[in-house]
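Q: the sequence and its predicted three-dimensional model are supplied below.
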Amino acid sequence: MAVMVPPVKLKWLEHLNSSWIAEDSENVSTREGVAILYAKLLANKEVVPLPQQVLCLKGPQLPDFERESLSRDEQEHYLDALLSSQLALAKMVCSDSPFAAALRKRLLVLQRIFYALSSKYHDKGKVKQQQHSPESSSGSTDVHSVSERPRSSTDALIEMGIRTGLSLLFALLRQSWLMPTTGPGLSLCNDVLHTAIDVINSLPPLSLANESKIPPMGLDCLSQVTTFLKGMTMPGSGADTLGRRLASELLLGLAAQRGSLRYLLEWIEMALGASAAVSVVNKNKVPQNQEGMIGYDCFMNILLQMRRSLGSSADRSQWREPTRTADNLCSLYEAALCLFEEVCRMASDYSRTCASPDSIQTGDTPLVTETCEVYVWGSNSSHQLVEGTQEKLLQPKLAPSFADAQTIEAGQYCTFVISADGSVRACGKGSYGRLGLGDSNNQSTLKKLTFEPHRAIKKVSSSKGSDGHTLAFTTEGEVFSWGDGDYGKLGHGNSSTQKYPKLIQGPLQGKVCLHISVNFDFWAWMLQEENSSVFYIL
């Protein structure tokens, strides 16, 4: 009796699709990378082992040929039975080999990545999950796609109910504003808006940001609600002062939850338009101190949420805040200016982390000119995130160790940091000397590399799918390399491992490097020769 490799059941989880799309596909090309990705499938319980199947290899019961004489047909029958038993044994042994197990894991990882990509980029169809892996079925792997379910009468009834329900709600709210209240503090419209604001405030930040996860009917409802609320914020809409203020607050909450620049700018446009309309309202009819206002606490909660996402690098003394009245309100006009200023500040901070190709090539300015904030997440199996432990990070986490980084290069289980003075530090997996620190030990903290002769480094490029090799070029255009030297990919005329950065010489000595790019087992650089650029591949 021999035990076969157990089959598995696949249970893809939709909320993990984005993390699989972000995975580096080059990891699938190495056994180590496949093992990590397959362990991720097991940890997330997207691959569930099934009970082991037992294969009986006892074989047929043969007769005693010395005492019994068999016919030719009987001999052929027993021979076929023996061959079939041997074939089953051979299949079992081959399927249980390390190579077959690694190949099976790679296929499952590729199938998961394919499902995530198909779910995101093909809205018209979904990849059907296979309930069992290939080895648990007939041996063939068939991936089917299911076309979009045709629109049924039930869908039409649901849509009709939602649309008519919204229309009825809007009509009742308008009528409620036009009718005098029956008692103090009683207002159907304002109560509904208060409830909606409470619901929006109870949601986690950016709950409505991923519109691909919101059904078309939900997006249509959001559009109708925002259109109705925009109309209600204007004087003359029929809404009372409190209703207009609540409509503005609800619109701001929806814009913040959707997290798009478009909706924030639409709210700013609405606020400025409402403020302009207020200025022409007859002051004798409406008290000026209650018109064109928004709740101070409501607005500041949204503003502080945006500032927390901006981080502490901004100068807090320069932050603008609206004037707070005795009634705990603030002007829509000032709120619009503060929000617009915040959007501009966020755009300015983001632009400091980007650079045009011209600035990168000339080296006039570094990518970041001051202390920056770096967030890390993902695998930390070799201390490549400098987080002390080797636990994976499922969410972005602020990493103080990278605070003075000007450029960061993430390699195969390792990380390189270039500082403002052109020095390079490394951490993570050290096999094959990929860190350039003189040994093959893992490095749990950032450690400075030594370049001989001393040079200021401009850019580092590290391989993402091999045993690890890295190139760096200096501000003078020279190139250093270190790490695994298979196939002569380090450019030193041999295939030896290089554990310290070594200057590449040979026929390219004296050339000025403009750009480098490292691949799996080769690399390319662009050189400046007279008035032209020349590419070299090694």
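A: Right, received. Where do you want to start? Residues are numbered from 1 along each chain as shown.

Q: any idea how many residues pack against residue 103?
A: By other Cβ atoms under 10 Å, 14 other residues sit near residue 103. Placement of C-beta: from N, CA and C, glycine included.

Q: cool, residue 179 as well?
A: Residues near residue 179, counting by other Cβ under 10 Å, number 11.

Q: what about it, distance to residue 435?
A: 75 Å (Cβ to Cβ, to the nearest Å).

Q: residue 29 now?
A: Here residue 29 is placed at a distance of 21 Å from residue 435 (Cβ to Cβ).

Q: who's more crowded, these two?
A: residue 435 (30 against 14).

Q: find the nearest non-adjacent residue to that one, please.
A: Of all residues not flanking residue 435 in the chain, residue 426 sits nearest, at 4.3 Å (Cβ to Cβ, 6 or more residues apart in numbering).

Q: so what's the gap between the helix or strand hosting that neighbour and the chain middle?
A: Secondary-structure assignment from DSSP states H and E places residue 426 in strand 424-428. Taking the mean of its C-alpha atoms, strand 424-428 sits 24 Å from the chain's own mean (Cα atoms, centre = their mean, to the nearest Å).

Q: what lines up beside that strand in the sheet?
A: strand 414-418 (antiparallel), strand 443-448 (antiparallel) (DSSP bridges).

Q: and the average pLDDT for the shortest one is what?
A: Computed over strand 414-418, the mean pLDDT rounds to 91.

Q: what's the answer for the last one, then?
A: Over the span of strand 443-448, the pLDDT mean works out to 89.

Q: part of a helix, is residue 224?
A: Yes - under DSSP: H, G, I helix; E, B strand; the rest coil, residue 224 falls within a helix.

Q: list the buried residues in stretch 328-348.
A: 329-340, 342, 345-346 (16 or more other Cβ atoms under 10 Å).

Q: among those residues, which are in helices?
A: Members of these lying in helices (criterion: DSSP state H): 332-340, 342, 345-346.

Q: ok, back up a step: what are the contacting residues of the strand holding residue 426?
A: Outside strand 424-428, the residues within contact range by Cβ atoms under 8 Å, 6 or more residues apart in numbering are 382-384, 386, 411, 413-419, 435-437, 442-449, 451, 457, 460, 472.

Q: of these, buried ones?
A: Neighbour counting by 16+ other Cβ under 10 Å classes 382-384, 386, 411, 413-419, 435-437, 442-444, 446, 449, 451, 457, 460, 472 among those as buried.

Q: let's see the pLDDT reported for residue 124.
A: You'll see residue 124 listed with a pLDDT of 41.

Q: my read: residue 476 touches residue 455, true?
A: Yes - between residue 476 and residue 455 there is a contact under Cβ atoms under 8 Å: 6.9 Å.

Q: put the alpha carbons of the strand holding residue 426 into PDB.
A: Provided in PDB are the C-alpha atoms of strand 424-428 (Å, rounded to 0.1, in the frame of the first residue of the first chain):
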ATOM      1  CA  VAL A 424      24.700  52.900   0.000                       C
ATOM      2  CA  ARG A 425      23.400  50.700   2.800                       C
ATOM      3  CA  ALA A 426      21.800  47.200   2.500                       C
ATOM      4  CA  CYS A 427      19.900  44.700   4.500                       C
ATOM      5  CA  GLY A 428      18.100  41.300   3.900                       C
END
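
Q: how near is residue 460 to residue 499?
A: Using Cβ to Cβ, one obtains 16 Å as the distance from residue 460 to residue 499.

Q: again with residue 482
A: 7 Å.

Q: which neighbours do those two share?
A: Jointly contacting residue 482 and residue 499 under the rule Cβ under 8 Å, 6+ apart are 433, 436.

Q: who's more crowded, those two?
A: Ranked by neighbour count (other Cβ under 10 Å), residue 482 and residue 499 place residue 482 first, with 28 against 18.

Q: which residues touch the more buried one?
A: Applying Cβ under 8 Å, 6+ apart to residue 482 gives the contacts 433-434, 436, 469-470, 490, 498-502.
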